[in-house]
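Participant: Mind folding the following:
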Amino acid sequence: MGIISNSREGADKFYHDFLGLTMTKEGVLPAALSEQLFSFSHEISMLVYERDGIKIEIFICPECVQPSPDLRHLGLYINDLSSLLEKAGEFGVEHITGQKGDRTVHFLKDFSGNLIEIKEM
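Facilitator: Got it, this is the predicted structure:
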């Protein structure tokens, strides 16, 4: 899964400090490849965070404008929803809830506004 982040600091704070993923790779997507893949002719820094079979590529691109409404999101299964939501409050991570029938759905927003759906295992 690849998503856009406004800053490296925000990506580190959310994906490493908050979610506990490990940064396993850091690199730069050359402008030519960025143009071929994304029609964006600039170098883009890329960070890769991983843990327990999860791999997320974060493209640091403050000038990239995301579509509105942005319906893209990724989902994570976790063991302890209440502990994660408590930690979200401590980190200043926005928690959004909604109702889907008789079930409550939970989303967190990273510091660039990307939605992460959280489901308890």
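Participant: Give me the buried positions along stretch 78-86.
Facilitator: Buried residues in stretch 78-86, counted by 16 or more other C-beta atoms under 10 Å: 84-85. Placement of C-beta: from N, CA and C, glycine included.
Participant: Oops, could you answer that again for stretch 85-99 instead?
Facilitator: 85, 88, 93.
Participant: Quick check: beta-bridge partners of the closest residue to the second one other than its chain neighbours?
Facilitator: The one in question is residue 88. Excluding its sequence neighbours, the residue lying closest to residue 88 (C-beta to C-beta, 6 or more residues apart in numbering) is residue 95, at 5.2 Å. On the basis of DSSP bridges, residue 95 is bridged to residue 108.
Participant: looking at it, residue 99 is touching residue 106, isn't it?
Facilitator: No. In terms of C-beta atoms under 8 Å, residue 99 does not count as a neighbour of residue 106; the distance is 11.2 Å.
Participant: Would you agree the residue nearest to residue 88 is in contact with residue 85?
Facilitator: Yes. With contact defined as C-beta under 8 Å, residue 95 counts as touching residue 85 (5.9 Å).
Participant: tell me, what's touching the two both at once?
Facilitator: Common contacts of residue 95 and residue 85 (C-beta atoms under 8 Å, 6 or more residues apart in numbering): residue 106.
Participant: For this protein, which segments are assigned as helices?
Facilitator: Ranges of helices in the chain, per DSSP state H, are 8-11, 31-38, 81-91.
Participant: Need those helices in CSV (columns: mean pLDDT and distance to residue 24).
Facilitator: Converted to CSV, the helices of the chain look like this (pLDDT from 0 to 100; distance: least, C-beta to C-beta, whole Å):
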stretch, mean pLDDT, distance to residue 24
helix 8-11, 96, 13
helix 31-38, 85, 20
helix 81-91, 95, 22
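Participant: Residue 114: which of those helices is closest?
Facilitator: helix 8-11 (9.7 Å; C-beta to C-beta).
Participant: residues of the closest one that come out buried?
Facilitator: 10-11.
Participant: which residues are in contact with the helix or strand of the chain with the lowest mean pLDDT?
Facilitator: Counting by mean pLDDT, DSSP states H and E, the chain has its least confident helix or strand at helix 31-38, which shows a mean of 85. Applying C-beta under 8 Å, 6+ apart, the external contacts of helix 31-38 come out as 29, 40-44.
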